[in-house]
Structures are given as C-alpha cells and as structure tokens.
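Participant: pasting the structure only:
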C-alpha cells in the first residue's frame with residue numbers, strides 16, 4: 001500500500017537519494033514540522049521523498065529496523081518503507097511503524113504534539129487507542145543516536161501505543 005501511495009505522490013515531490021543526504025533531509029523534515037529529531041532513528045536510508053503540496057512523506061531504508069527507546073523501555077519497529085502525511089507537530093496516516101506493547105506488536109497510525117502541552121507526544125493506533133510520552137525521550141545526540149536531552153524539548157520517552 002505504501003508503494004502505491006509513493007508512486008501517486010512522486011510527481012511534484014522533492015526526492016533525495018544516498019544515505020548521508022537522506023539522513024540529513026529526514027532530520028530537516030522533523031525539524032520543519034516541529035517533531036523530535038530522534039523520532040525516526042532509521043539506518044541506511046536509500047530514499048526520502050516529500051510532496052509539499054499534499055504533505056506526503058516517505059522514507060525507504062535497506063531493511064527493517066527495530067529500535068529501543070531506552071527512557072521509556074519501548075521497542076519500535078520501522079519497516080523498510082515508512083510513509084506519513086505531515087503537518088505542523090503531526091504525522092498522520094503513517095505506515096510501516098509498530099510499537100511493542102507487552103508481547104504484541106501494535107501498528108501506529110498517528111502521532112502528534114499537543115499545542116497546549118508541547119512537552120508531550122501522543123501516539124495513536126488505527127483503533128483509536130493511544131499513549132502519551134515525554135517529547136524529550138526522542139531527542140537526538142550529535143552521533144545521530146536518539147537520547148533524552150536534559151533541556152531540549154520536555155520530558156523524553158518513546159513511541160508506543162496502547
């Protein structure tokens with residue numbers, strides 16, 4: 001489903017290739033949409049695309065990746081292809097992102113930072129259930145690894161749904 005959406009939104013999109021450039025553009029996208037910079041700790045990104053007219057974004061990496069956000073003790077799985085529609089402080093209609101809740105992998109479809117409380121980020125599942133964590137858990141180190149900055153966004157934690 002993601003691949004069809006990518007092809008549909010490719011026309012008129014900014015498309016970048018190459019690991020270093022794609023990693024840089026992914027961080028720029030997060031910064032531009034006021035999202036935590038460590039939110040997408042993807043490795044070996046091969047392609048990043050952003051259709052500004054529709055807000056559609058895609059990231060392709062060589063293989064799926066599972067990352068543990070240590071501050072909140074949650075595992076998040078990123079497929080080889082991750083897509084979303086982005087707005088200020090929001091990513092919606094996401095594909096390719098799952099969080100481990102107890103023993104079950106749960107699909108995440110939306111995430112947003114509430115304008116009234118910018119220290120918290122909420123993750124939602126397609127069933128409407130959600131979980132809120134501190135934004136600071138998704139900060140980014142100079143070496144590119146996620147961490148919880150002491151003074152950055154707020155109180156940091158991971159992406160998980162309930």
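Facilitator: Cool, got the structure. Because the structure is a prediction, the values reported are computed rather than measured.

Participant: dump the residue contacts of the most centrally placed residue in the chain.
Facilitator: The chain has residue 40 as the residue nearest its centroid, 4.2 Å off, counting by Cα atoms, centre = their mean. With contacts defined as Cβ atoms under 8 Å, 6 or more residues apart in numbering, residue 40 is in contact with 26, 30, 59, 78, 82. Every C-beta, even on glycine, is put in place using the N, C-alpha and C of the backbone.

Participant: How about the helix or strand containing the fourth one, which residues are buried there?
Facilitator: The one in question is residue 78. Using DSSP states H and E, residue 78 maps to strand 74-87. Across strand 74-87, burial judged by 16 or more other Cβ atoms under 10 Å covers 74-86.

Participant: helix or strand right after it?
Facilitator: Next along from strand 74-87, by DSSP H and E: strand 90-101.

Participant: Same question for that next one: list its buried residues.
Facilitator: Residues of strand 90-101 classed as buried: 90, 91, 94, 95, 96, 97, 98, 99, 100, 101 (neighbour count, 16+ other Cβ under 10 Å).

Participant: Could I get the buried residue list for the helix of greatest length in the chain?
Facilitator: Longest helix of the chain, by residue count under DSSP state H: helix 19-32. Within helix 19-32, the residues that count as buried by 16+ other Cβ under 10 Å are 22, 23, 25, 26, 27, 29, 30.
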